[in-house]
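Chemist: Requesting a structural model of the entry that follows:
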Amino acid sequence: MCSNTIIVSLLQMMRGRREGLWFFGLCLTFMIADQAKVKVFKHELIMVSNKKLNWTEAQTFCRFHYQDLASILDSNTNQLVEDMTSDENDFWIGLFNKDLKWRWSLLDPQRQQTYRHWNKTQANEKEGDQNCVTMNDDGFWSTEQCLKTEKAFVCSHNSSKHPYVLVNQNRSWVSAQSFCRRNHRDLVTVDSDEENQALLSLMEEQEVGQIWIGLHRPQWNWSDGSVYQFSHWGKNQDKLKENWSCVAIRNRKWKRQDCSKQLDFLCEGTTKVRVPPKSELVQVHQRIFTPCVFQTSVRMRMKIQTQADLNDPAVNLAVSQQV
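Modeler: Residues are numbered from 1 along each chain as shown. Sure thing, here's the model as predicted:
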């Protein structure tokens, strides 16, 4: 159990050359506790320019030379990336989607899968992570976020007399899908104007203004396997082609892009930094330790967890000189 926790802020920018490429990056250092031991890791975000690659080539390059294409998992990291880059060039990040085609939750080969009834005015303003579909009170469809948005929903039912069940509970699309599969058949599939009108009539009878239907497309993924939750999309992403399934940053916003396009790219890397044992702490001040070669100091965030006494001047000095 860790007895002390201290937060130290430091962010440093570096510039240099590697393998004939100009690069610059963000160097972050953080610590984790392993029982009584302290492990220090250096996390870098490295922008590679003057070697434009498509998304797959950039992923291969980052995995070979560093760790992977960069993941941006929160607003703080997104702000750091904005601070270290300019608006001059687009660049790849690690976000991608294997398949952006729309499909129904219930894959029934006996039913028509291509019927759509989009609300075009709304769809044009949607962001890139609006991957689940609702029916509105005018009968037209629009896209919403699958996890963050909660709506009533309609399940399909194994009954020719009562094929639809409207559930007037606010749930996310994913939760609604689970409910329908557990209690009925699946989220409803709509494959004709007649079915669309039948659902609209059901909504009017029960005075429900918007419902989930079963149409959706797969969620986004980070190249390094991190969970996709935070986003910073630009507008009008649904106007783009379905095969534009890789993400670049343009003018500080995320944008779907053709994966074959040649762009700069942002890599990430994590390396372990050696922490001297307690017997060496008194000699630490005689050494100069620099985890990166820096030209400009800005700010970085670091969390330290350890059982060592952080009020001990020797320990404090040792920790400060590691960053």
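
Chemist: going forward, measure contacts and count neighbours with C-alpha atoms only.
Modeler: Will do.

Chemist: what about the closest residue in space to Asp258 that isn't next to it in sequence, which SS state?
Modeler: Nearest non-adjacent residue to Asp258, counting by C-alpha to C-alpha, 6 or more residues apart in numbering: Trp244, 4.3 Å away. Secondary structure, DSSP: H, G, I helix; E, B strand; the rest coil: Trp244 is coil.

Chemist: can you count the residues close to Trp244?
Modeler: By the measure other C-alpha atoms under 10 Å, the count of residues near Trp244 is 20.

Chemist: Then Gly94?
Modeler: By other C-alpha under 10 Å, 27 other residues sit near Gly94.

Chemist: again with the one 10 residues further on
Modeler: Trp104: 19 surrounding residues under other C-alpha under 10 Å.

Chemist: Need the nearest residue in space to it, chain neighbours excluded.
Modeler: Spatial nearest neighbour of Trp104, chain neighbours left out: Leu215 (4.5 Å); criterion: C-alpha to C-alpha, 6+ apart.

Chemist: In the stretch 51-200 of the chain, what residue spans correspond to helices?
Modeler: With helices called from DSSP state H, counting those that start in this stretch, the stretch 51-200 of the chain shows them at 55-65, 75-84, 120-123, 173-183, 193-205.

Chemist: For stretch 233-252, measure first residue to last.
Modeler: Using C-alpha to C-alpha, to the nearest Å, one end of stretch 233-252 lies 9 Å from the other.

Chemist: avg pLDDT for it?
Modeler: Here stretch 233-252 scores 77 as its mean pLDDT.

Chemist: same question, stretch 168-175
Modeler: Averaged across stretch 168-175, the pLDDT comes to 95.

Chemist: Any buried residues in it, and which?
Modeler: Buried residues in stretch 168-175, counting neighbours by 16 or more other C-alpha atoms under 10 Å, are found at Arg171, Ser172, Trp173.

Chemist: Ok, stretch 174-181 next?
Modeler: Ala176, Gln177, Phe179, Cys180, Arg181.

Chemist: Quick check: of the buried residues of stretch 168-175, which lies closest to Asn158?
Modeler: Nearest to Asn158, judged by C-alpha to C-alpha, of the buried residues of stretch 168-175 is Trp173 at 20.7 Å.

Chemist: what's that closest one in contact with, if anything?
Modeler: Neighbouring residues of Trp173 by C-alpha atoms under 8 Å, 6 or more residues apart in numbering: Cys132, Cys146, Leu147, Thr149, Glu150, Lys151, Trp212.

Chemist: top of the residues you listed by neighbour count?
Modeler: Trp212 (33 neighbours).

Chemist: Run a quick neighbour tally on the nearest residue to Ser192 once chain neighbours are set aside.
Modeler: Take Ser192 and drop its neighbours on the chain: the residue closest to it by C-alpha to C-alpha, 6+ apart is Tyr115, 6.3 Å away. When neighbours are defined as other C-alpha under 10 Å, Tyr115 has 12 of them.

Chemist: the helices in the stretch 201-323 of the chain, which residues?
Modeler: 313-322.

Chemist: helices or strands up against the helix or strand where Glu44 lies?
Modeler: Using DSSP states H and E, Glu44 sits within strand 37-53. Secondary-structure packing of strand 37-53 (3 or more C-alpha pairs under 8 Å, 6 or more residues apart in numbering; DSSP states H and E): strand 21-34, strand 263-273, strand 301-306.

Chemist: What is the neighbour count of Ile72?
Modeler: Neighbours of Ile72 (other C-alpha under 10 Å): 22.

Chemist: Nothing else from me, thank you.
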